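J.: Got a predicted model here, sequence first, then my questions.
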Amino acid sequence: MKTDLEKINSVQHRLKVHVAIEDVNQGFDQAYASLKNKVTIQGFRKGHAPLGMIKKMYADQVQSEVSENLVRTFLPRALQEKLEGRTDLRPASYPMIDNMGKVAYGEEFEFSAIIDVLPDVEVKDYKGLKLSCFKADLVDNDVEKEIERIQKGQAKAKAVSAETPIAKGQLVTLSYQATDVNTGAPVPAECEQVTSGTIGEGELPEYIDAALVGKKAGDTFELTHTFGTDHIADALKGKTLKYEVNVQQVQQIEYPKIDDELAKDIGLESLADLKGKIKENLSSSLERNRRSQLEEGALNQLLEKNPIEVPPSLVEQLINDMIQDFPYQRKEDKEKAMKNRDFRERLRPSARRRAQNTLLLWQVAQNEGISITDDDVKNEIKTQFGMDNPKQQELDEAFERVGSALKENMTVRKAMDAIIGAAKIEEKDPPKDLPKSQMMEPAPHVHGPDCNHDHDQHDHDHGHDHQHAHVHGPDCDHD
């Protein structure tokens, strides 16, 4: 066997393998010997058919089998020969066959494979970054707004009499159809079979909301509305539409009082407890958003200062992970997504960025001497999974299941801690017209003891580009 390793780029090498004639011949001899004892040819007892006849009948099958067996045998040997003892080449995945010559008895067999390798990453200037974020300040009004949201969530709707005129604050169920006044053609974008909304709360189109006031359940009426030439929807700009609206049901919303009973309805002891829990959740949400801004700013600057290439196979792995993690309702939908080329291409930029982020953070961790022990991981498992006093077997099983991935997440998290800890941070007042809700994660649910849905103990995936990929680092112990 002769081998040759050539560099294609910073993250790919081509390994060429030349298999000697005697090894090729041996491969054919073994294949035909095995086949002779298996096949049955009319007119001959099993195992006694002439070899020449077998070669003529099964040449293509044996040729394919021999080439596969030779690659399977000699590729690992070639990898060991060329990579053993080298610390500068760290494969990111198993090689992919690049080219395979035709195998023939009495001739050398040649094939080549592409080896994706992790790039040499040197992270410069990661200390003293200038970062900015919005101030994570919480005011009493934020807590009150969240209590009002909870109050609305606990509200009950009660049907009103058919003679009661619609008024602000009532919940109306309706349908409406729109047609273009000039052409008489229906406008699908402005047709609703059944919809509902609270009058005066901005839940219905303003022109329909205003026309509903004073109407009654069972009423059908018409209205016209002309859209401005600057309307966001091109199909509606400057058009005048005629609407036929049918009022199906009117309900009065009854809100519970904001008191201890409201808190008890969601499993807490008192209104004071509810306010405390909300304040805690909102503060955590604002702080997570603050951290998110800092992380994104840091990673953008790091990548600009330290551009790196990413092995294609690592990007493909991340695309697979992203699709695998998505909560598809049906298994076949996930399988289709895995094979959908257009969908995979849309995910590729995000996957590539995640890989870059992780490679940068992993190198920062090495620079900072960050080390995560098994005990650190087990303590994190206890925290994330809410294990107060777990049995040793239970803890060991959890460690076996998620320990490796969690160790990597903890490593890059500590690397980011080091970067942010050494940064110069400017906290800015948010724009006055920026809703506080846009400075937070999605509104946190208040979990009371009587809550009956899943409490996910894992870190949430917030969909930012600073998510991290798995990287086969020096301490990695899996494939």
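T.: Yep, it's here.

J.: Strands of the stretch 301-450 of the chain, residue ranges please.
T.: In the stretch 301-450 of the chain, the strands defined using DSSP state E, counting those that start in this stretch lie at 424-428.

J.: so where's the chain uncertain?
T.: Regions of the chain meeting the criterion pLDDT under 70 cover residues 140, 432-479.

J.: centroid residue for it?
T.: Nearest to the mean C-alpha position of the chain, by CA atoms, centre = their mean, lies residue 322 at 4.3 Å.

J.: what's the nearest residue to that one if we skip its chain neighbours?
T.: Computed as CB to CB, 6 or more residues apart in numbering, the closest residue to residue 322 that is not its neighbour in sequence is residue 347, at 5.5 Å. All C-beta atoms are positioned from the backbone trio N, CA, C, and that covers glycine.

J.: wait, doesn't the residue nearest to the centre of the chain sit right on residue 349?
T.: No. Counting by CB atoms under 8 Å, residue 322 stays clear of residue 349, with 11.6 Å between them.

J.: hey, where'd the helices end up in the stretch 1-150 of the chain?
T.: Using DSSP state H, counting those that start in this stretch, the helices of the stretch 1-150 of the chain run over 21-36, 51-83, 140-153.

J.: which residues touch the residue nearest to residue 322?
T.: Residues near residue 347 by CB atoms under 8 Å, 6 or more residues apart in numbering: 319, 322, 323.

J.: Can you give me the separation between it and residue 136?
T.: Distance, residue 347 to residue 136, using CB to CB, to the nearest Å: 31 Å.

J.: One more: residue 83?
T.: 48 Å.

J.: Could you check which helix or strand contains the closest residue to residue 238 other than its chain neighbours?
T.: Leaving out its chain neighbours, the residue that sits closest to residue 238 by CB to CB, 6+ apart is residue 229, at 4.6 Å. Residue 229 is part of no helix or strand when elements are defined by DSSP states H and E.

J.: residues near residue 229, how many?
T.: Applying other CB atoms under 10 Å, we find 8 residues neighbouring residue 229.

J.: Need phi/psi at it.
T.: Listed backbone geometry of residue 229 is phi -70, psi -10, with angles given as degrees, to the nearest 10.

J.: Confirm for me that it is in contact with residue 239.
T.: No. Judged on CB under 8 Å, residue 229 makes no contact with residue 239 at a distance of 9.7 Å.

J.: quick one: common contacting residues for those two?
T.: Both residue 229 and residue 239 lack any common contact, where contact means CB under 8 Å, 6+ apart.

J.: any idea how far residue 253 is from the residue lying closest to residue 270 once chain neighbours are set aside?
T.: Spatial nearest neighbour of residue 270, chain neighbours left out: residue 260 (4.7 Å); criterion: CB to CB, 6+ apart. Distance of residue 260 to residue 253, given as CB to CB: 22 Å.

J.: Also residue 126?
T.: From residue 126 across to residue 253, the span is 54 Å (CB to CB).

J.: between the two, who's got more neighbours?
T.: Each of residue 126 and residue 253 has its neighbours counted (other CB under 10 Å); residue 126 has more, 22 against 15.

J.: What does the more buried one show for phi and psi?
T.: Torsion angles, degrees, to the nearest 10, at residue 126: phi -90, psi 0.

J.: does it really touch residue 419, like I thought?
T.: Yes. Assessed by CB under 8 Å, residue 126 is found in contact with residue 419 at 5.5 Å.

J.: hmm, back to that, now mean neighbour count too, for the helices of the stretch 1-150 of the chain, in JSON lines please.
T.: Shown next, in JSON lines, are those (neighbours: other CB atoms under 10 Å):
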{"stretch": "helix 21-36", "mean neighbour count": "15"}
{"stretch": "helix 51-83", "mean neighbour count": "15"}
{"stretch": "helix 140-153", "mean neighbour count": "15"}
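
J.: which stretch among these comes nearest residue 197?
T.: With CB to CB as the criterion, residue 197 lies closest to helix 140-153 of the helices of the stretch 1-150 of the chain, at 13.0 Å.
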